[in-house]
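Enquirer: just to be clear, the model below is a prediction. Sequence and coordinates:
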Amino acid sequence: MPEETDTIQEPVQEALPVLLLTIPQVASALHVSRAKVYELIRTHGLPTFDCGGRKRVPLHALQAWIDTHTSSGTETPERLQNKAEKLDASLYAPPFACPPPSRKR
């Protein structure tokens with residue numbers, strides 16, 4: 001007959017929600033490169049904080065940042081037309097003002 005042994009059951013731990021993302025995790029979530037994430041931090045205000053010398057992005061801050069940087073889709077046809085016209089004009093406009101041609105006598 002096998003002997004009964006006392007087994008200690010460890011308490012079941014519930015998985016904690018992810019609150020902080022690493023730069024590679026943010027890159028994966030946004031489907032961009034790590035370099036692009038650093039660019040978004042520098043130029044577009046993607047919020048971060050340093051955690052032991054490493055940058056972390058709070059999940060709630062990333063979600064809020066995405067919400068504020070996502071177009072709402074409420075553009076009216078007139079505003080879309082104005083944007084398209086401005087884009088067309090900028091594509092064909094010279095990047096700087098050209099001086100008038102000089103006249104030689």
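Expert: Structure's in. What do you need?
Enquirer: now do the strands in this structure.
Expert: Using DSSP state E, the strands of the chain run over 20-21, 49-51, 54-58.
Enquirer: what are the pairing partners of the last one, and which direction each?
Expert: For strand 54-58, the paired strands and their directions (DSSP bridges) read strand 20-21 (antiparallel), strand 49-51 (antiparallel).
Enquirer: which stretch in the strands of the chain is the model least sure about?
Expert: Mean pLDDT is lowest for strand 49-51 out of those, coming in at a mean of 86.
Enquirer: residue 17: neighbour count?
Expert: 6 (other C-beta atoms under 10 Å). C-beta: built from backbone N, CA, C; applies to glycine.
Enquirer: oh, that last question was meant for residue 20, not what I typed.
Expert: Residue 20 has 15 nearby residues by other C-beta under 10 Å.
Enquirer: look up how far residue 43 lies from it.
Expert: Distance from residue 20 to residue 43, counting by C-beta to C-beta, to the nearest Å: 22 Å.
Enquirer: can you tell me how far the closest residue to residue 48 other than its chain neighbours sits from residue 47?
Expert: Once flanking residues are discounted, residue 48 sits nearest to residue 55: 4.5 Å by C-beta to C-beta, 6 or more residues apart in numbering. Residue 55 is 10 Å from residue 47, where distance means C-beta to C-beta.
Enquirer: so those two - more neighbours on which side?
Expert: residue 55 (17 against 13).
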